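*Asks:* Just a sequence and a predicted model for now, questions to come.
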Amino acid sequence: MYTSKIIGLGHFVPDNIVTNDDLSKLMDTNDEWIQERTGIKERRWIKEGSGETSSSMGAKAAKIAIERSGLTKDDIDFIVFATLSPDMYFPGCGVQVQDLLDMPTIGALDVRNQCSGFIYALSVADQFIKTGMYKNILVIGSEYHSGGLDISTRGRGVSVIFGDGAGAAILSRSEDATKGILSTHLHSEGKHARELVVEGPSIARWVPEYKNNPDDLSYYPYMNGTFVFKNAVVRFSEVIMEGLQANNLGVEDLDMFIPHQANLRISQFVQRKFKLRDDQVFNNIQKYGNTTAASIIIALTEAWEQKKIKDGDLVVLAAFGSGFTWGSVIIRW
Ligand code: UT7
């Protein structure tokens, strides 16, 4: 039986930094409110007209990850791309990365699981490797939120949270069963789909309802923030324990917890609940906001770059978000 191991990591964020003070010039908000409720100080937003998209950022992150893995683009067997902000309604971003990186005609799959997108993508890639079907898989999480937000006082409860960026990992076959991805656990609860949603751009709705109604708010993300928050803290805790227990491990075995960067208060709640020290949790939402499917892989890449993850460490990734969907990945590094 094979195991899968992360052998390369990379991330890319746009240069354009948008601070909380910048936002207060566009809507009725302020640095104090944003920092107090979310921990966010600034985020990156693609500059309009730059031509950057989820695919282009994903390709840039992928290039770095491939280079660091010691492989070439021709060694990659499959692409899994997680995003909620694809460049086009269809086809997905995976095929665009295949083209942008001039890769062979390998398969490319898009994952539509919002904040849990990278966890789902990693799990899919892990299964393909464990069955022996593929050897090296490029797994990407990338989001271009800023172009689709309601950047006005009307949309402030949502738009101050989200940022743009991308990350990528190379997952590779290994025969060392003691290292790599130990398990993945995935969940969903579709009855809450409308608590965090963009209803607008859909074949079912846009033509009849939106064409003559440019002010329709369903083009913008809607979030029942408090409800999402309350579910997040419960599901995060559950799915972390589920993953640890499946491997006969406990919280005391955990070396590094990398949560989806939804809100610093959610990460801190989980940290307190499990009595984790500051050096056992990695957060970078302060710099990037919530980059949805990209957040875990950007954070994992930065934690690794900053040498906060060592050989043999037990690393736990967990996410919760729109769907609702949630999941965890347990890795022996
Ligand atoms: O990544 C996907 C998963 N997402 C999450 O996990 C997010 C979970 N939810 C949250 O993080 C929080 O609910 C938010 C950060 C989104 C909001 O925080 P909150 O403490 O739940 O605030 P609220 O929505 O209850 O709003 C409180 C007040 C309201 O004013 P009133 O009605 O009390 O007068 C809002 O209108 O804050 C107001 N408000 C703002 N004020 C200044 C909302 N957004 C802003 C803003 N600036 N940006």
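*Replies:* Arrived safely. What you see is a predicted model; the values in this text were computed from it and never measured.
*Asks:* what residue ranges in this structure are flagged as low confidence?
*Replies:* 206-212, 214 (pLDDT under 70).
*Asks:* what sits against whatever residue of it ends up closest to the ligand?
*Replies:* Closest to the ligand within the chain is residue 225: 2.6 Å, counting by C-beta to the nearest ligand atom. To be clear about C-beta, it is placed using only N, CA and C from the backbone, and glycine gets the same treatment. Residue 225 sits next to 157, 158 when contact means C-beta atoms under 8 Å, 6 or more residues apart in numbering.
*Asks:* residues in this protein within reach of the ligand, list them.
*Replies:* 29, 33-34, 37-38, 115, 156-157, 160-161, 225-226, 228-229, 232, 262-263, 266, 290, 321 (C-beta under 6 Å from any ligand atom).
*Asks:* Geometric centre of the protein: which residue is closest?
*Replies:* Compute the mean C-alpha point of the chain, and by C-alpha atoms, centre = their mean the closest residue is residue 293, 2.3 Å away.
*Asks:* could you pull out the strands for the stretch 201-333 of the chain?
*Replies:* Secondary structure of the stretch 201-333 of the chain by DSSP state E, counting those that start in this stretch: the strands cover 222-223, 256-259, 314-321, 325-332.
*Asks:* Output those strands as TSV; include the columns mean neighbour count.
*Replies:* Shown next, in TSV, are the strands of the stretch 201-333 of the chain (neighbours: other C-beta atoms under 10 Å):
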stretch	mean neighbour count
strand 222-223	18
strand 256-259	26
strand 314-321	26
strand 325-332	25
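*Asks:* Show me what residue 180 bridges to in the sheet.
*Replies:* Under DSSP bridges, the beta-bridge partners of residue 180 are residue 332.
*Asks:* so it makes contact with residue 1?
*Replies:* No - judged on C-beta atoms under 8 Å, residue 180 makes no contact with residue 1 at a distance of 11.4 Å.
*Asks:* So these two - more neighbours on which side?
*Replies:* residue 180 (23 against 7; other C-beta atoms under 10 Å).
*Asks:* what's the more buried one in contact with, if anything?
*Replies:* The contact partners of residue 180, taken as C-beta under 8 Å, 6+ apart, are 3, 4, 5, 6, 174, 331, 332.
*Asks:* Without its sequence neighbours, what residue ends up closest to residue 96?
*Replies:* Nearest residue to residue 96 in three dimensions, chain neighbours excluded: residue 55, at 3.8 Å (C-beta to C-beta, 6 or more residues apart in numbering).
*Asks:* My read is that that neighbour contacts residue 100, right?
*Replies:* Yes - counting by C-beta under 8 Å, residue 55 touches residue 100, with 6.5 Å between them.
*Asks:* ok, those two, which is more surrounded?
*Replies:* Neighbour comparison, residue 55 and residue 100: the larger count goes to residue 55, with 26 against 16 (by other C-beta under 10 Å).
*Asks:* Just the residues contacting the helix or strand harbouring that one, thanks.
*Replies:* Residue 55 is located in helix 54-69, with elements delineated by DSSP states H and E. For helix 54-69, the external contacting residues (C-beta under 8 Å, 6+ apart) are 7-14, 46, 72-73, 76, 81, 83, 85-87, 93, 96-97, 100-101, 136, 138, 140-144, 164-170, 172, 297.
*Asks:* And it, what's buried?
*Replies:* Residues of helix 54-69 classed as buried by neighbour count (16 or more other C-beta atoms under 10 Å): 54-66, 68-69.
*Asks:* and the helix or strand just after that helix, what does it pack onto?
*Replies:* Remark: after helix 54-69, the chain's next helix or strand is strand 78-82, criterion DSSP H and E. Counting contacts by 3 or more C-beta pairs under 8 Å, 6 or more residues apart in numbering; DSSP states H and E, strand 78-82 is packed against helix 93-100, strand 107-111, helix 117-130, strand 136-143.
*Asks:* Could you dump these into a markdown table with distance to residue 245 added?
*Replies:* Putting the helices and strands packed on strand 78-82 into a markdown table (distance: least, C-beta to C-beta, whole Å) gives the following:
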| stretch | distance to residue 245 |
| --- | --- |
| helix 93-100 | 33 |
| strand 107-111 | 26 |
| helix 117-130 | 17 |
| strand 136-143 | 25 |
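*Asks:* List just the one of these that sits closest to residue 258.
*Replies:* Checking those against residue 258 by C-beta to C-beta gives helix 117-130 as the closest, at 10.2 Å.
*Asks:* now the closest one against strand 136-143, angle please.
*Replies:* Computed by axes from the mean of the first three to the mean of the last three C-alpha atoms, to 10 degrees, the angle separating helix 117-130 from strand 136-143 equals 170 degrees.
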